[in-house]
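Enquirer: Here you go, sequence then predicted model.
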Amino acid sequence: MKKIILSIISLLVLNTSLLAQNIEKEAPKGFDIVKPNIAKGKLKYIKYKSTTVGTTRRALVYTPPGYSKNKKYPVLYLLHGIGGDENEWLNGGTPQVILDNLYSQGKIEPMIVVMPNGRAMKDDSATGNIMAPDKVQAFATFERDLLNDLIPYIEKKYPVIKDREHRAIAGLSMGGGQSLNFGLGNLDTFAWVGGFSSAPNTKPPKELVPNPEEAKKKLKLLWISCGDKDGLLSFSKRTHDYLFENNVPHIYYLESGDHNFKVWKNGLYMFSQFLFKPVDVDSLTEYSVKGMASATNINNAQYPQVLPNNKVIFKVKAPNANNVYVKFGKQFDMVKDAEGFWSVITDPLDPGFHYYVLNIDGAEVVDPSTKTYYGMERIASGVEIPARDQDFYALKNVPHGNVQQILFPSKSTRAIRRAFVYTPPGYNSNTTEHYPVLYLQHGWGEDETAWAKQGHANLIMDNLIAEGKIEPFIIVMTYGMTNEVKWGKLKDFDINRFQTVLVDELIPYIDGNFRTKDNQANRAMAGLSMGGFETRMITLNKPEVFSYYAVLSGGTYSPEDLKNHSNLKLVFLSCGSKERPEGVVSATSALKEAGFNAKSYISEGTAHEFLTWRRGLYQLAQLLFKN
């Protein structure tokens, strides 16, 4: 018996896995063509009295195949666009054909579909200037008409289930905005909400979902879809971004297309299959044909694209190549199509920034569609996977500081060396104020550009200053690899050479050329990975130079290490939760017990990567230079 049960469980797991791998992501060819010899639903125009408008209004009602007044049905309210009326879906989208075909395949639950006129005014015809203020206002007025007049009429005249769990609303364009506005604004009325290519009438996200926790509890499904070439895509994207950052489950579905019925019919085909069934929240990110262009793309390049499930679509044209793959830490082989484009979809990637290169017939090259970064000991491409907390390093409309390149003389290396200096907003206008300084080091295989370019250190600072969370300070970023060391050969690195450059040459140059508070109490050093190792070694060797030490994924200190550091104000240790954080936690605890001001930060869900270090800098900056 036990073997039989185990076999059944194994089959169930296998079948669930296969289903997850074979998720239908778009309508198949012929989904909107009338099929003979299948049961058909019926269309009927109804009239209802509208106390909101003060007249009798029309709607089109679809009842499913096998409809019976002895059964009870859920209802989908399906709304049209700004130039349409109750006939727009019928004339352009043939919803009855799409739904009939889905019923014949057993893919949807029996439901009544109501297609009203969403222009709630006495003359509700789609004639004249459809953009006239009174006609646009009528689309907002329709909310009252829908809730107070149409829904009560449908529930009186048709055998429907009268609760929110069995009521859905969706629409295209202007109707998509209405659906999001009305559905999310009335969560006690609707549990299923869909916006197809939602128009500018869509409320700002914080107005749509002022209480994300309530939305999580009450929504059965929230669907947002759009064509990737639609000029209104930004309205869908801003809503998705807000929902993503607030962890509200939803489907964000992008497909090839413009603002037309090709996209909307596919939206109805996909959305209707979810309605009035149990929803697997964990699978929602699997539903999208297209992804969003990575934030690292240039010249409006469409690829790489990041899918909602954090997989990445790469695509590059190399018609004469024989073998192409994309290389992170792992290799993903690409496949060529008839037009000479090579493409691949990767495994899911962790949120944050990732270096990669393309390998074309043995030659490693950067992707021509992305910005380039110095990492991996070379110029590489980069892809950005959105993080839920990305707001803290986002480019915002706040006062911005300046990142400038400086060239300083280094006698010890017989060279002119380079550094980048971040000065905070107001530095150039207030010429009397002096600032503390953080010396911030990059990791192995990177250079002095990394913290500003990959790490967005300047944006993190700008946002913190704008929010009043920190007092302004200067950041100095320079190249730390004064003697090259190969990966895995850290013991061969001589810290003394870089220590001389930093302490004896760069710091005096900065103090002489910038308005700094040039003393130990107002000087900090921090670094990530290899830069953390450098920070640890230099602060131990030169305790008189810095009062704030911060190591991000680069080691720890012990109380014994710091026994002679009498002017030490802060020790900050940080790493990702996937980097064996117990060492950081225990080291911090030991330092605290020994009387040091020690703080730690563990970046949840991240490994040895820039999201870990961005978060670390964000936390560190709020602790520095406190009196």
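Expert: Nice, I can see it.
Enquirer: For burial, what's the neighbour tally of the residue nearest to Lys569 when sequence neighbours are not counted?
Expert: Distance criterion Cβ to Cβ, 6 or more residues apart in numbering; nearest residue to Lys569, sequence neighbours excluded, is Ser547 at 4.4 Å. The way it works is simple: take the backbone N, C-alpha and C, and place the C-beta from them, glycine included. Neighbour count of Ser547, defined by other Cβ atoms under 10 Å: 22.
Enquirer: cool, His608 as well?
Expert: By other Cβ under 10 Å, neighbour count at His608 equals 15.
Enquirer: Three-state assignment for it, please.
Expert: Here His608 is recorded as coil under DSSP: H, G, I helix; E, B strand; the rest coil.
Enquirer: same thing with the one 10 residues further on?
Expert: The assignment at Tyr618 comes out as helix when based on three-state DSSP.
Enquirer: pLDDT wise, what is the residue nearest to Lys569 at?
Expert: Note for Ser547: predicted pLDDT of 98.
Enquirer: Just list the residues touching it, thanks.
Expert: 520-524, 567-570 (Cβ atoms under 8 Å, 6 or more residues apart in numbering).
Enquirer: Check those and tell me the two furthest apart.
Expert: Based on Cβ to Cβ, the longest span within the contacts of Ser547 runs between Asn522 and Leu568 and measures 13.7 Å.
Enquirer: Low-confidence ranges, the protein, go.
Expert: Applying pLDDT under 70 to the chain flags residues 1-22, 482-491, 627.
Enquirer: change it to 80
Expert: 1-22, 481-493, 627 (pLDDT under 80).
Enquirer: Distance check, the residue nearest to Lys569 against Thr588.
Expert: Distance of Ser547 to Thr588, given as Cβ to Cβ, to the nearest Å: 18 Å.
Enquirer: do the same with Leu79
Expert: As judged by Cβ to Cβ, Leu79 and Thr588 stand 56 Å apart.
Enquirer: of those two, who's got more company?
Expert: Taking neighbours as other Cβ under 10 Å, Leu79 and Thr588 compare with Leu79 leading, 31 against 22.
Enquirer: State the number of residues packed around Lys206.
Expert: 10.
Enquirer: That one touches Leu243, doesn't it?
Expert: No. Using Cβ atoms under 8 Å, Lys206 is not in contact with Leu243, being 11.2 Å away.
Enquirer: returning to that earlier point: could I have the buried ones of the contacts of Ser547 as ChimeraX selection syntax?
Expert: Buried residues among these (16 or more other Cβ atoms under 10 Å), as a ChimeraX selection:
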select :520,522,523,524,568,569,570
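Enquirer: out of the contacts of Ser547, who's nearest Glu604?
Expert: Glu604 lies nearest to Leu570 out of the contacts of Ser547, by Cβ to Cβ, at 22.2 Å.
Enquirer: Give me the distance between the closest one and Gly41.
Expert: 69 Å.
Enquirer: secondary structure element for the nearest residue to Lys216 once chain neighbours are set aside?
Expert: Computed as Cβ to Cβ, 6+ apart, the closest residue to Lys216 that is not its neighbour in sequence is Val248, at 5.7 Å. For Val248, there is no host helix or strand (DSSP states H and E).
Enquirer: Geometric centre of this structure: which residue is closest?
Expert: Pro386 (3.5 Å; Cα atoms, centre = their mean).
Enquirer: Can you name the residues that contact that residue?
Expert: Per Cβ under 8 Å, 6+ apart, neighbours of Pro386: 241, 244, 292, 295, 306, 351.
Enquirer: repeat that for 7 Å
Expert: By Cβ atoms under 7 Å, 6 or more residues apart in numbering, the contact list for Pro386 reads 244, 306, 351.
Enquirer: The closest residue to the last one other than its chain neighbours in helix, strand or coil?
Expert: Excluding the flanking residues, the one nearest Pro351 by Cβ to Cβ, 6+ apart is Ala387, at 3.8 Å. Look at Ala387: counting by three-state DSSP, its state is coil.
Enquirer: just Phe353 next, same as before
Expert: strand.
Enquirer: just to revisit the earlier point, can you pull the residues that touch both of Asn522 and Leu568?
Expert: In contact with both Asn522 and Leu568: no residue, using Cβ under 7 Å, 6+ apart.
Enquirer: right, and Phe514 touches Ile475 too?
Expert: No. Phe514 lies out of contact with Ile475 (Cβ atoms under 7 Å); the separation is 11.1 Å.
Enquirer: which of the two has more neighbours?
Expert: Ile475 (26 against 18).
Enquirer: Can I take it that the more buried one is in a strand?
Expert: Yes. Ile475 forms part of a strand when assessed by three-state DSSP.
Enquirer: how about it, what does it touch?
Expert: Ile475 is in contact with 422, 438, 440, 457, 461, counting by Cβ under 7 Å, 6+ apart.
Enquirer: separation between it and Glu448?
Expert: From Ile475 to Glu448 the distance is 11 Å (Cβ to Cβ).
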